[in-house]
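A.B. asks: Fold the following and give me the result.
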Amino acid sequence: MDRAVALAENLLNQHKNKVSELVIIPSQGGVFEIRVNDKLLFSKAELGRFPEEGEAENLVKEAI
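C.D. replies: A predicted model of the protein is given here:
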């Protein structure tokens, strides 16, 4: 959860004028996904890992 919150903070700081909603849904089992306009950009379940440093920010930047 701490990593997800830190990542959310980074994304909001970088894209605060372009983000209308950011949702964190606490769960068990290590589910972690990043979506922009319902398009899946990253899935921990598919890749078996959390995003590397800067990876999520770059994916979102490209999608916005």
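A.B. asks: make it CA atoms for all contacts and neighbour counts henceforth
C.D. replies: Will do.
A.B. asks: Mind listing residues that contact stretch 48-64?
C.D. replies: Residues outside stretch 48-64 that contact it (C-alpha atoms under 8 Å, 6 or more residues apart in numbering) are Leu7, Asn10, Leu11, His15, Lys18, Phe32, Ile34, Val36, Leu41, Phe42, Lys44.
A.B. asks: give me the number of residues near the second one?
C.D. replies: This points to Asn10. Neighbour count of Asn10, defined by other C-alpha atoms under 10 Å: 15.
A.B. asks: ranges for the helices of the protein?
C.D. replies: For the chain, helices defined by DSSP state H occupy the ranges 2-15, 44-47, 55-63.
A.B. asks: could I get those as TSV with mean pLDDT and distance to Ile24?
C.D. replies: Putting those into TSV (pLDDT from 0 to 100; distance: least, C-alpha to C-alpha, whole Å) gives the following:
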stretch	mean pLDDT	distance to Ile24
helix 2-15	87	8
helix 44-47	90	14
helix 55-63	91	14
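A.B. asks: Leaving out sequence neighbours, find the closest residue to the most centrally placed residue in the chain.
C.D. replies: Against the mean C-alpha coordinate of the chain, by C-alpha atoms, centre = their mean, the closest residue is Ile34 at 3.9 Å. The shortest distance from Ile34 to any non-neighbouring residue, by C-alpha to C-alpha, 6 or more residues apart in numbering, is to Phe42 (5.0 Å).
A.B. asks: ok, the one you found - how many residues close by?
C.D. replies: Neighbour count of Phe42, defined by other C-alpha under 10 Å: 20.
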